[in-house]
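Asker: Provide a 3D model corresponding to the input given below.
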Amino acid sequence: MPHTIISDICEGVASCSQACPVGCIKKGFGKNIKGTDYYFIEFATCIDCGVCLEVCPVKGAVISEERSELQSKQPD
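Answerer: The predicted structure follows:
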């Protein structure tokens, strides 16, 4: 099961995006409610390796379950 980046907790550090072996972590558009950049996981591409969870320095920003309602929706 893919991991989820909680958009309203993410602070845009991007260590997850750089570490992801399949490139499924993308920068969001605009800012989150904290006023910081955020990233999101493309669930269809995620291989559930857990690297994002391991490298993220922001406590609680990444969880090990697929919860699309916690990630901001992206324009198509």
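
Asker: mind listing the helices for the protein?
Answerer: With DSSP state H as the criterion, the chain has helices at 15-19, 51-55.

Asker: residue 70 is nearest to which of the ones you listed?
Answerer: With Cβ to Cβ as the measure, helix 51-55 is the member of those nearest residue 70 (13.8 Å). Any C-beta I mention is one placed from the backbone N, CA and C, and that applies to glycine too.

Asker: tell me which residues in that closest one are buried?
Answerer: Within helix 51-55, the residues that count as buried by 16 or more other Cβ atoms under 10 Å are 51-52, 55.

Asker: burial count for the closest residue to residue 9 other than its chain neighbours?
Answerer: Once flanking residues are discounted, residue 9 sits nearest to residue 61: 4.4 Å by Cβ to Cβ, 6 or more residues apart in numbering. When neighbours are counted by other Cβ atoms under 10 Å, residue 61 registers 22.

Asker: does residue 61 touch residue 8 like I think?
Answerer: No - judged on Cβ atoms under 8 Å, residue 61 makes no contact with residue 8 at a distance of 9.3 Å.

Asker: got CSV for the helices of the chain, with distance to residue 29 too?
Answerer: Output for these, formatted as CSV (distance: least, Cβ to Cβ, whole Å):
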stretch, distance to residue 29
helix 15-19, 15
helix 51-55, 19
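
Asker: now tabulate these in JSON lines and tack on mean pLDDT and distance to residue 42.
Answerer: Converted to JSON lines, the helices of the chain look like this (pLDDT from 0 to 100; distance: least, Cβ to Cβ, whole Å):
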{"stretch": "helix 15-19", "mean pLDDT": "96", "distance to residue 42": "11"}
{"stretch": "helix 51-55", "mean pLDDT": "96", "distance to residue 42": "12"}
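
Asker: right, I'll call it a day here.
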